[in-house]
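[1] Pasted the sequence and its predicted model underneath.
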Amino acid sequence: MTIRDALSRAAAPIRRVRRALPPRRLLLLGLLWALSASCARPLPLGLEPLGPSTSRIIEEEMALPASVRGSSVEGYLLRPEVPGGTQVPCAVLLHGKGGYWRAYTRYGRALAERGIAALVLNYYSAHYVDLDGWRTPFAERKESFEAQNEDIARATAHFARSPVCAGGKLGLVGFSLGADKAIRAAASLPEVAAVVAYYGPYDYISLIQQRVNPLLLIFASEDLLRWKKYLEDASPIRLAPKTPAPVFLLHGTDDSVIPVQQSLRMTQALRRRGNKVTVKLYEGVGHNFVLRRGPAEVRDDSVRLAIGFLREHLPAEGKAPAAQARKENGTPSSPLPGAGG
């Protein structure tokens, strides 16, 4: 067979495809292929799998005390199944802006399956904050924002005192806006022994400079400008001196929502004050990678590292003190998480 014959035979199937697909369809398929190829990125180096689960888990709804008497914060507890009277390491999970708190039960389940009780807290349930609106009065927005922070503090302290949590201590795991909230809570609560903060906003001065067009500020209302100044003055980065708990910061280098510089600035602020801080950056990864927006390998690696960090700094599993272990007659020394108080 000559080379010309071989090329002729190879071209025959291509001609049949061309006849079957109109030129426009072929062009569209080519564009889709090029787009998918351009979006494909190599995974960061050094990723490790999460590893097998070690515990069966128990899941339950609960209500925790809020800042307003008679109101409550909605929560969902995922805890390892352990013998009665056993306390375990605990963590409170704080969702991001928008309130999609149920999405974090998957993260909580990964912790509980590996021995850490995880309380997913819906801190929007008692107080909602309009963070982006142009017409919300400043006083109303500020009041709701601070009430929300108090809701988190009260619910977290209450959970730490429950018979579930070893040593009356726990960790805070915050995502995006929840990372901001975690730093604020850790600065005021002695019960917080560790903070894991994913891609959070910590320095609102630099964040607003990067994300807000200066022309918009020219036409902003007085209320909106007061809100901007309030956020800048109350930035979590200013709480670094008041945050004694070790902090683990995680961020993607390609985050276009909250730039990675936010975690770098927070790292510097904590280290200047002598705080123990660890940082993990994922090369080429964007925002919200825990919620299926990034590669599963990156999400699993981050959970693995967070579990290791929490185990290092939280009290280990053990028997509850005698006063707390009196479950048979229904008289624990501290009320169970859903019991109010």
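    On my side now, so go ahead. Numbering: from 1, shown residues only.

[2] ok so residue 70 is a strand residue?
    No: according to DSSP: H, G, I helix; E, B strand; the rest coil, residue 70 belongs to no strand; its state is coil.

[3] so how many other residues sit close to it?
    7 (other C-beta atoms under 10 Å). Every C-beta, even on glycine, is put in place using the N, C-alpha and C of the backbone.

[4] how much space between it and residue 156?
    According to C-beta to C-beta, to the nearest Å, residue 70 and residue 156 sit 19 Å apart.

[5] what does residue 107 give?
    17 Å.

[6] With neighbour numbers in mind, choose between these two.
    Comparing residue 107 with residue 156 by other C-beta under 10 Å, the one with more neighbours is residue 156, at 28 against 24.

[7] mind checking the backbone torsions on the residue nearest to that one when sequence neighbours are not counted?
    Leaving aside its chain neighbours, residue 156 sits nearest to residue 92 (5.1 Å; criterion: C-beta to C-beta, 6 or more residues apart in numbering). Main-chain dihedrals, residue 92, degrees, to the nearest 10: phi -110, psi 130.

[8] so residue 92 bridges to which residues?
    residue 119, residue 172 (DSSP bridges).

[9] May I have the residues that are in contact with it?
    118-119, 121, 152, 155-156, 159, 170-173 (C-beta atoms under 8 Å, 6 or more residues apart in numbering).

[10] Repeat the analysis, applying 6 Å as the threshold.
    119, 121, 156, 172 (C-beta atoms under 6 Å, 6 or more residues apart in numbering).

[11] And residue 263, by the same measure?
    249, 251.

[12] Kindly report the same for residue 271.
    residue 277.

[13] Report the buried residues of the host helix or strand of it.
    For residue 271, the enclosing helix or strand under DSSP states H and E is helix 261-272. By neighbour count, with 16 or more other C-beta atoms under 10 Å as the criterion, the buried positions of helix 261-272 are 262-267, 269-270.

[14] can you confirm residue 50 is in a helix?
    No: the assignment for residue 50, made by three-state DSSP, is coil rather than a helix.

[15] out of everything not next to it in sequence, what's closest to it?
    residue 300 (4.1 Å).

[16] mean confidence for the helix or strand where that neighbour lies?
    According to DSSP H and E, residue 300 maps onto helix 296-313. Helix 296-313 carries an average pLDDT of 97.

[17] Any chance of the contacts of residue 92 in JSON lines with pLDDT and distance to residue 215 as columns?
    Converted to JSON lines, the contacts of residue 92 look like this (pLDDT from 0 to 100; distance: C-beta to C-beta, whole Å):
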{"residue": "119", "pLDDT": "98", "distance to residue 215": "43"}
{"residue": "121", "pLDDT": "98", "distance to residue 215": "38"}
{"residue": "156", "pLDDT": "98", "distance to residue 215": "40"}
{"residue": "172", "pLDDT": "98", "distance to residue 215": "37"}
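
[18] Now, of those, which are buried?
    Using 16+ other C-beta under 10 Å as the burial test, the contacts of residue 92 include 119, 121, 156, 172 as buried.
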